[in-house]
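1. here is a sequence together with a model predicted from it:
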Amino acid sequence: MSRGSPTCCDRTAAALRAGRAPAPSGCATCQALIAAARLAPVGEPEAFDAGAAFAELEGALAAEAGWRGRLRAWPTWARVLAVVLAALAIGALNAGFAPRPDLAHYPWPRLVLVLGLCFAGVWAAGAGALWPLSRPELKPATAGVLALLGLAIPLALALAPEAAATLPACAPPAGMFRQKAIGCLVFGCLCAVPALLAAATFTRGALSITDGLLVASAGALCGQVALQLHCPIVGAEHQLAGHVPVALALNAAVCLALLLKNRGAR
């Protein structure tokens, strides 16, 4: 192994000082410089604030000792069931107090299929949001599919063949298309709140953006349950304008809330 010329050693030293990877060299001096740079300390270690660490731990323990901590201690199946029951309660309230005018004439097999799809989506998205911390994290593709259910199911329902319009209320009055669509959008978002709150309450650990999207997906499908039992308008245009955007609005609201929360915590 040759000692090498000062030129290669100078180039190696200059690269190390600049933070660049030096060129490979068989020079013993260059190799010694590279080894010394790897062993050199990167910087002074930060001082450990034991008081702040213990205060953070005590705060976390106090939160777990409260009512939310007791709810989050439920088994996963019970927490997911609570989210589904929140959607079921919203559907029952709409069917009992604000049913769609054509409910008695609407094809029951179709209604059962539509509600079954919505409840299955609530269960799937809720299970993703409440995924146990003891298990490996959901794959990004799986979490993405579950998060898209809140948009995909209403979109599929809107594009499906229309049910027969049995009453005049099944079509929006002339000149009222925008008002009816906005009304359904607001109504669907409001009816999504119980499932949103249930999913957020039962989530273990810090709520990430992915968790927030899954929670929004479950909430959006809860809103769809309410809309399917409340709104008699069967046209695809109305559902695309008033029913489908519920998921988009909830996703935007949840992501904005989490971003503001994370920014405030810094």
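-> Sure, I can see it.
2. where along the stretch 101-250 of the chain do the helices fall?
-> For the stretch 101-250 of the chain, the helices defined by DSSP state H, counting those that start in this stretch occupy 108-129, 140-159, 177-202, 209-230, 236-238, 245-265.
3. which of those helices sits closest to Ile34?
-> Comparing the helices of the stretch 101-250 of the chain by their distance to Ile34 (C-beta to C-beta), the top pick is helix 140-159, with 37.5 Å. No exception for glycine: its C-beta is placed from N, CA and C like everyone else's.
4. what packs against the closest one?
-> On a contact count with 3 or more C-beta pairs under 8 Å, 6 or more residues apart in numbering; DSSP states H and E, helix 140-159 meets helix 108-129, helix 209-230, helix 245-265.
5. deepest of those helices, which one?
-> Of all the helices and strands packed on helix 140-159, helix 209-230 has the most neighbours on average by mean count of other C-beta atoms under 10 Å, namely a mean of 28.
6. any idea how far that helix is from the middle of the chain?
-> Averaging C-alpha positions (C-alpha atoms, centre = their mean, to the nearest Å) puts helix 209-230 10 Å from its chain's average.
7. least confident of the helices and strands packed on helix 140-159, on average?
-> Averaged per stretch, pLDDT over the helices and strands packed on helix 140-159 is lowest on helix 245-265, reaching a mean of 87.
8. give me the angle between it and helix 177-202.
-> 50 degrees (axes from the mean of the first three to the mean of the last three C-alpha atoms, to 10 degrees).
9. mind saving the C-alpha coords of helix 245-265 as CSV?
-> Extracted in CSV, the C-alpha atoms of helix 245-265 (Å, rounded to 0.1, in the frame of the first residue of the first chain):
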residue,chain,number,x,y,z
PRO,A,245,-68.8,16.0,-1.0
VAL,A,246,-69.6,15.2,2.6
ALA,A,247,-66.4,13.0,2.7
LEU,A,248,-64.3,15.8,1.1
ALA,A,249,-65.6,18.4,3.6
LEU,A,250,-64.9,16.1,6.6
ASN,A,251,-61.4,15.1,5.3
ALA,A,252,-60.5,18.8,4.9
ALA,A,253,-61.9,19.7,8.3
VAL,A,254,-60.2,16.9,10.2
CYS,A,255,-56.8,17.5,8.5
LEU,A,256,-57.0,21.2,9.2
ALA,A,257,-57.9,20.6,12.8
LEU,A,258,-54.9,18.2,13.2
LEU,A,259,-52.5,20.5,11.5
LEU,A,260,-53.6,23.4,13.8
LYS,A,261,-53.3,21.2,16.8
ASN,A,262,-49.8,20.0,15.9
ARG,A,263,-48.7,23.5,15.2
GLY,A,264,-50.0,24.7,18.5
ALA,A,265,-48.2,21.9,20.3
